[in-house]
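Trainee: Provided below for reference: sequence and predicted model.
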Amino acid sequence: MKITAHLSLWFSLAFAILCIAYGLVGFNSVDGDATATLREDAHGYAMFWLFLGGVGLVCAAGSWWLIRTGADASGE
């Protein structure tokens, strides 16, 4: 099964939005009364999801770049 650049762009963008939203919810859901270890673990988990969101954004940007330069390079 082939995945087109357009499909890759939209799936990567959706993945990035979901991961970033989940990471931000993770930062906002940390209770102030939690122990320092629990807060650090929760922040590390949220940072992991933000990292995955960044990976999704990079994949979406790469797909967008392929879409923009692919038509020019093919001579169409």
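Mentor: Cool, got the structure. All values derive from a computational prediction rather than experimental measurement.

Trainee: show the average pLDDT along stretch 59-69.
Mentor: Within the predicted structure, the mean pLDDT of stretch 59-69 is 93.

Trainee: roughly how far out does that stretch sit from the chain middle?
Mentor: A distance of 15 Å separates the centroid of the chain from that of stretch 59-69, by CA atoms, centre = their mean, to the nearest Å.

Trainee: for that stretch, list every residue counted as buried.
Mentor: With burial defined by 16 or more other CB atoms under 10 Å, the residues of stretch 59-69 counted as buried are 59-60, 63-64, 66. C-beta coordinates here come from the backbone N, C-alpha and C atoms, glycine included.

Trainee: what helix or strand is the residue most central in space within the chain on?
Mentor: When the chain is reduced to its mean C-alpha position, the nearest residue by CA atoms, centre = their mean turns out to be Gly53, at 1.9 Å. Under DSSP states H and E, the secondary-structure element containing Gly53 is helix 36-73.

Trainee: helices and strands around that helix, which ones?
Mentor: Where contact means 3 or more CB pairs under 8 Å, 6 or more residues apart in numbering; DSSP states H and E, helix 36-73 is packed against helix 5-28.
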